[in-house]
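Asker: here's my sequence, what's the structure:
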Amino acid sequence: MERMDPRVGPLSVSVVEPLKRIHLKLDEIEGLALDVQFTGRHFPIEEPRFTYRQGPRMLIDCTRMTQNGRWQGSLSADGETIKVKDFYGTRDRSWGVRPIGIRDEQPVLPMQLPQFYWLWAPVNFGNLSHYFHVNEDGAGGAWNTRSVLALDGADNDGLKHLNRPKIDVTWRPGTRRAEKAVLSVEDGLGRDHKITYEPISTFMMKGIGYGHPSMGHGTYRGDLSVTREDLTPDNLPWQQPDNLHIQAIVKATHEGPDGTGSDGIGILEQLTLGPHAPSGWKDILDA
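Answerer: Numbering: from 1, shown residues only. Predicted structure coming up:
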């Protein structure tokens, strides 16, 4: 219950330097252990406030900060230890109202198909970071989006907000998993930039509680409960509700207005449910 001592069982998070450095530690349990430190590459970006209603019901009213950085330390699994040195990564932190815990069993009236279209793409390049996200309605209209460029060491005033972001996704046939995505965006001088995302592996978000059928966020478990679950993404049907939310690890390529480019690595998070006209979807889980 002490907010300045964020820990649960064997897992703890320590703020070493506010908005810059954190220490994440997992004491060995069920064959897993972790001792790593994250250092931000720049001041965190603040995403626009998310306000999303489902009929008369407020589903989301929150704000989030996101920050790319580097990890140092070590992790181990089943006796194998892996040294972590200058490993690119991303952390984010939200506050406000989000759907957690037991669902409200009362129906939303009038009845409507659930709809949510979400892409989130933080990417690490050699000397800078790029961020993009979008929420779209069923017609393809963006109700929350942002694209930001952050040079290493940038403070809050040094973050460069980009204009007119538009992403074109090629979906893997018969699924709602991206095969490739291309973001087009303009800088402050009106010059065109393009970032291409190519998935190379998949992380199941239910592994950290999102949509998990029994270990979901905010679910009452009584006394401390620690459970290990091993998941193989390629063996899990994409259309099963608790498998919809994923993060694809992606190779990213930036093409600038002068023809130069650079390669990076990052995330293309995906959660798509219900109709979305630009993708040709009309039902909850058609593809």
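Asker: mind naming the longest strand for the protein?
Answerer: strand 57-77 (DSSP state E).
Asker: all helices for this protein, in order.
Answerer: With DSSP state H, there are no helices along the chain.
Asker: most distant residue from the middle of it?
Answerer: Using Cα atoms, centre = their mean, the residue of the chain lying farthest from its centre is P110. It sits 31.0 Å away.
Asker: ok, now which ones touch that one?
Answerer: P110 makes contact with G55, according to Cβ atoms under 8 Å, 6 or more residues apart in numbering. The way it works is simple: take the backbone N, C-alpha and C, and place the C-beta from them, glycine included.
Asker: show residues contacting stretch 87-105.
Answerer: 22, 38, 40, 49-50, 57-72, 122, 124, 216-220, 265-267.
Asker: same thing with stretch 161-178?
Answerer: With contacts defined as Cβ under 8 Å, 6+ apart, stretch 161-178 is touched by 119, 132, 134, 145-149, 179-188, 193, 197, 199, 202, 238-239, 244, 246, 248, 268, 270, 272, 279, 281, 285, 287.
Asker: ok, now how distant is the residue lying closest to L285 once chain neighbours are set aside from W281?
Answerer: Of all residues beyond its chain neighbours, the one nearest L285 is Q239 (4.9 Å), with distances taken as Cβ to Cβ, 6 or more residues apart in numbering. Plainly put, Q239 is 12 Å away from W281 if you go by Cβ to Cβ, to the nearest Å.
Asker: the two: who's more crowded?
Answerer: Each of Q239 and W281 has its neighbours counted (other Cβ atoms under 10 Å); W281 has more, 20 against 13.
Asker: let me see the contact set for the more buried one.
Answerer: The contact partners of W281, taken as Cβ under 8 Å, 6+ apart, are 176, 272, 274-275, 287.
Asker: before we move on, back to that, and the contacts of stretch 161-178, which of them are buried?
Answerer: 119, 132, 134, 145-149, 181-183, 185-187, 193, 197, 199, 202, 238, 244, 246, 248, 268, 270, 272, 279, 281, 287 (16 or more other Cβ atoms under 10 Å).
Asker: what residues sit buried inside stretch 71-82?
Answerer: Using 16+ other Cβ under 10 Å as the burial criterion, the residues of stretch 71-82 that qualify are 71, 73, 75.
Asker: hmm, back to that, now do the shared contacts for Q239 and W281.
Answerer: Common neighbours of Q239 and W281 (Cβ under 8 Å, 6+ apart) are 176, 287.
Asker: beta partners of N68?
Answerer: Beta-bridge partners of N68, counted by DSSP bridges, are T90.
Asker: repeat that for H23.
Answerer: Here H23 sits in beta bridges with S14, Q37, as judged by DSSP bridges.
Asker: K251 now?
Answerer: E198, I265.
Asker: for it, grab the count of nearby residues.
Answerer: Number of residues near K251 (other Cβ under 10 Å) recorded here: 14.
Asker: then the one 5 residues further on?
Answerer: When neighbours are defined as other Cβ under 10 Å, G256 has 13 of them.
Asker: got the contact list for it?
Answerer: 191, 193.
Asker: can you check L128 too?
Answerer: Contact analysis of L128 by Cβ under 8 Å, 6+ apart lists 149-152.
Asker: need the mean per-residue confidence for stretch 255-267.
Answerer: Across stretch 255-267, pLDDT averages out at 93.
Asker: can you pull the buried residues of it?
Answerer: 255, 264, 266-267.
Asker: would you mind measuring the gap between the ends of it?
Answerer: 18 Å (Cα to Cα, to the nearest Å).
Asker: could you check how far it is from the centre of its chain?
Answerer: Offset of stretch 255-267 from its chain centre (Cα atoms, centre = their mean, to the nearest Å): 21 Å.
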